[in-house]
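K.L.:
Fold the stuff below for me.
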Amino acid sequence: MNSSKSLWAKQHQRILILSLLLLVILAASIFIGRYPKPFWMPIQVLLEDSMAQRLVWLLRLPRIITAALLGATLAVCGTVLQMIFRNPIVEPGFLGVSQGAAFGAAVAILWLGGHRLTIELSASFFALLGLAGSFILARTIKFGGWVLRLILSGIVVSAFFSSGLGVLKYLADPLTQLQEITFWLLGGLWSVTWQDLLYVAPVVVVGLLIVYLMRWRLNVLSLGQDTAFSLGAETTRERLIILVAAVSATAVLTAVSGIVGWVGLIVPQIARQLFGPNGQFTVPGSMLIGAIFGVVCDNLARTMLAGEIPLGILTSLIGAIMFVAIINRSRIKLR
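P.N.:
The predicted structure is shown next:
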C-alpha cells in the first residue's frame, strides 16, 4: 500500500515538474527570435519598443501557442492509437488523416485559388474524410477483428490519398503550384495567426478534453477486445469516441501546420518510459512532453539558420535520432 502511494506521488511530481518546465519554455519562447538581434530579445526592448510588442502579440504568441497545441495533440493521438491498437509504432497518420490533409491542401492549391483559408478548410475536410473512409471500409471487411480491419483500412485509404496526391503534383504548374504544395508538405508554422488559432482551438481543446477524461478507459481498451468486453467495457463505442476525438484534433491542426511527423511516434515512447503503461498518467504526460517538444522544435526551426527550417524536417530529424536512442536504451513494448 505504501509503495503504491509512493508511486502515485512520484507520478504526480513528474507531472508537476513537466508542467512547470512547459511554462518556463513558453515564457522564454516569447523572447526567442531575430528581432532586434538574433536569438534573444531583451526584456527592456519588449517593454519600450512598439515594433517588438506588435511582433510578439501578432506573430510569436499565436505561433508559440499553436506549436504547443500541435505537439500535445500529435503526442496524445499517438498514445491513443498505440494503446488501442496495442502497437508501439503506430502514429497519427495511421488512419489516412495526414495523407488526406495533404491531398486536400493540394486540391485547394490547384483548383480553389490557393488562399490560406481554403487550404485549411480543404485539408481539414479531406483529413476527416480519410478518418471516415477508414471506419466505413473497416465495416465492409468480412474477416478479422475490428483492430485488424481498421489497420488494413487505414493502409488502403492512405495509399489512395498518396496516389491522388502524386497525380495532383504531376498536374501542378512546376513554377508555382508544385512549389507551394511541396512547401506545405514540409510542415511549418511561419504564417500562423490568431485567426488560424481561433479556427482550430475549439476542436483541439474539446478533443484533448475528451481523451483526458476517458484516459481511464484506455487502460481497459488496451487489454484487447475480448478482455475489455468481459470487464464490462462497450469497446466499439468507447474506442470510436476516443479515436474520433484524438484524430479530429490532429486533422484540424495538420490543416494549419502541414505534415509534421515523428512527434506522435516518439513522445508516447518517452511518456511510457517515464510514467509506465497506465493511461491515467501517460496521457497527461504525453500532452506535456509533446507540447514541450513542439515549442522547442519550433524555436529551433526559426532561429538555427538565417532562413527558417521547415518544422516537419526538424521534427523528423530529431525524432529519428531519439528513436534510435530509445531502441538502443530499452526494448520498446506496450502492455
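K.L.:
What is the subsequent helix or strand relative to the strand or helix carrying residue 117?
P.N.:
Following DSSP states H and E, one finds residue 117 within helix 116-140. Moving toward the C-terminus from helix 116-140, the next helix or strand (DSSP H and E) is helix 146-171.
K.L.:
Domain-wise, how is the chain divided?
P.N.:
What the record gives for the chain is the domain set 16-25+67-91+193-335, 92-186, from automatic domain parsing.
K.L.:
any chance of these in CSV, plus distance to residue 61, mean neighbour count and mean pLDDT?
P.N.:
Any C-beta I mention is one placed from the backbone N, CA and C, and that applies to glycine too. As requested, the domains of the chain are exported to CSV (distance: least, C-beta to C-beta, whole Å; neighbours: other C-beta atoms under 10 Å; pLDDT from 0 to 100):
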stretch, distance to residue 61, mean neighbour count, mean pLDDT
domain 16-25+67-91+193-335, 8, 20, 87
domain 92-186, 19, 19, 86
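K.L.:
what would the ones you listed look like in a markdown table with distance to residue 53?
P.N.:
Below are the domains of the chain laid out as a markdown table (distance: least, C-beta to C-beta, whole Å):
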| stretch | distance to residue 53 |
| --- | --- |
| domain 16-25+67-91+193-335 | 15 |
| domain 92-186 | 25 |
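K.L.:
so which of the ones you listed comes closest to residue 51?
P.N.:
Closest approach to residue 51 among those (C-beta to C-beta): domain 16-25+67-91+193-335, 17.5 Å.
K.L.:
Please state the offset of that closest one from the chain centre?
P.N.:
6 Å (C-alpha atoms, centre = their mean, to the nearest Å).
K.L.:
got it, and stretch 111-129?
P.N.:
How far stretch 111-129 lies from its chain's middle: 18 Å, per C-alpha atoms, centre = their mean.
K.L.:
Show me the contact partners of that stretch.
P.N.:
97-98, 100-105, 107-109, 161, 177, 180, 184, 191, 196, 199, 248, 250-252, 254-256 (C-beta atoms under 8 Å, 6 or more residues apart in numbering).
K.L.:
Next: stretch 157-172.
P.N.:
Contacts to stretch 157-172, defined as C-beta under 8 Å, 6+ apart, come from residues 93-96, 98-100, 102-103, 106-107, 109-110, 126, 130, 133-134, 137, 178, 181-182.
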